[in-house]
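Visitor: build me a model:
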Amino acid sequence: QLTRLLPPPKGSGFPPMANERILFMKNDSFYDTDNYKKKRQTSNKSSVSYRTSKTRNASYKPVSAASSGKKTKRMNEHEPNHPPKKVSKKKHGCLLPLLLFIVLIGIIAFFAFRFSVKGAFSKIKKYPLDKSNVTVNDTDTNIKDYQNIALFGVDSQDNKITDTGSRTDCIIIASIHKSNHKVKLMSIYRDTYVSIDGEYDKINAAYSYGGPELALRTINRNLDLNITDFATVNFKALADAVDVLGGIPLTITSEKELKNLNDYIGNMNHINGGNSPKFDKVGTYTFDGNQAVAYSRIRYMEGGDHARANHQRLVLEGIMNAAKKQPFKLGKLISTVLPQCKTSLSDNDLTKLTFSMARSSITDSQAYPFQSEDERYGGIYYGFPITAKSNAIKAHEYLFGTKNYEPTDELQKISAKIKIVTDDIGLTD
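Guide: Here you go, the predicted model:
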């Protein structure tokens, strides 16, 4: 049986070539017409199949002869009049099936992960955020290059996420660059003195008074931001995330921190269930879920709310770093944690965010206010920004790289009212 190889037909898209020739294959070997036509015998024309061929300086790439059941071989075009040596089946016979198997496994794993993610996203509690009730400030021209999401950790002893009534024990702004996927985190101290629709209180009270809308509106008005998406988690979800990943490394730095940490571990064992052990001495350990959540909740230590916010950032960074090192656990992580969360993001938004985060890295983490003073006012302990205006300017430079940002008139009015209070109690900028 002969396999006839012809020059590329007109209109095929291949450029015209010089020195085109017709090649024949017989008995698993190639011959050109000049050498073969003298020996050619009449063959059954119905068994002739057609292929295209062109002369190149490199080795001839074999053409499949699947229709005839034959296996094609390579031909060295530097020696067109001589049949090439046959290639051993043992060397390459299993290579293609092996590569195909690997590719198929990769495709199956990809879609299995993708569908498991979508399945988990369908179980997450969706919150129909009324965006018309969320103040947005986008006067910073650089802000459009970032996706900004507010992350809330609610202080609920029964691990239930309610729309109101629970104060936010943790507030973190995640700013994700839309092009390079780099992430910056900025936590907001829970005791920060802010304007909540004209009334002044701790920022962690906004979620309790008016749910996610009031919490986002308060953040945006006091920092000139444009956040319209959020995710809220409870203590149990955070603990489960750490446990799925096999724990995260954290460091106990002082005896006072050790004592307070052990107290909170007992509290988390009571809330979440479990029997996480307490620590005997300071040092670096692999923390399990309840231990990590307890670490993020310590209040009474050097640095106060500042140190606590730093602990929360360390726990979040530990989870993200552990997840990136163990991508095979992402499906279980998502399916375990997300059903315990509430968010304004749609399933499609969550899917895009998940695959974007797989390529992301946390480049920096800071805390707001950058400059503040802790003091009692009216018998209540607050963290006062010194000043709200200057801190907002620093926040825009940190998050978006904006130099000399000019705050809105509303933010400047808020800053002026806070300054009246700080001047009254003897705090100066």
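
Visitor: only C-alpha atoms from now on, for both contacts and neighbour counts.
Guide: Noted.

Visitor: contacts only, for the spatially closest residue to residue 342 that is not a sequence neighbour.
Guide: Leaving out its chain neighbours, the residue that sits closest to residue 342 by Cα to Cα, 6 or more residues apart in numbering is residue 125, at 4.6 Å. Applying Cα atoms under 8 Å, 6 or more residues apart in numbering to residue 125 gives the contacts 339-343.

Visitor: quick one: which of the residues you listed sit in strands?
Guide: Among these, DSSP state E puts 342-343 in strands.

Visitor: what is the burial count for residue 154?
Guide: Residue 154: 24 surrounding residues under other Cα atoms under 10 Å.

Visitor: distance of it from residue 249?
Guide: 24 Å (Cα to Cα, to the nearest Å).

Visitor: do the same with residue 223
Guide: Distance, residue 223 to residue 249, by Cα to Cα: 33 Å.

Visitor: helices of this structure, start to end?
Guide: Listed in chain order, the helices of the chain (DSSP state H) span 33-36, 89-92, 95-121, 205-223, 235-244, 255-272, 289-297, 304-325, 330-337, 347-357, 388-400, 409-424.

Visitor: which strands and helices lie in contact with the last one?
Guide: Read it as helix 409-424. When contacts are defined as 3 or more Cα pairs under 8 Å, 6 or more residues apart in numbering; DSSP states H and E, helix 409-424 sits against strand 193-196, helix 205-223, helix 388-400.

Visitor: what's the closest of the ones you listed to residue 407?
Guide: Nearest to residue 407, of all those, is helix 388-400, at 6.8 Å by Cα to Cα.

Visitor: in that closest one, which residues are buried?
Guide: Residues of helix 388-400 classed as buried: 388-396, 398-400 (neighbour count, 16 or more other Cα atoms under 10 Å).

Visitor: can I get it in CSV? Just the C-alpha atoms.
Guide: Extracted C-alpha coordinates of helix 388-400, given in CSV (Å, rounded to 0.1, in the frame of the first residue of the first chain):
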residue,chain,number,x,y,z
ALA,A,388,-8.4,61.5,60.2
LYS,A,389,-7.4,63.6,57.2
SER,A,390,-3.7,62.9,57.3
ASN,A,391,-4.3,59.2,58.0
ALA,A,392,-6.6,58.9,55.0
ILE,A,393,-3.9,60.5,52.8
LYS,A,394,-1.4,57.9,54.0
ALA,A,395,-4.0,55.1,53.4
HIS,A,396,-4.4,56.1,49.7
GLU,A,397,-0.6,56.3,49.2
TYR,A,398,-0.2,52.8,50.8
LEU,A,399,-3.1,51.1,49.0
PHE,A,400,-3.0,52.8,45.6
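
Visitor: my guess is residue 129 meets residue 345, correct?
Guide: No - between residue 129 and residue 345 there is no contact under Cα atoms under 8 Å: 9.2 Å.
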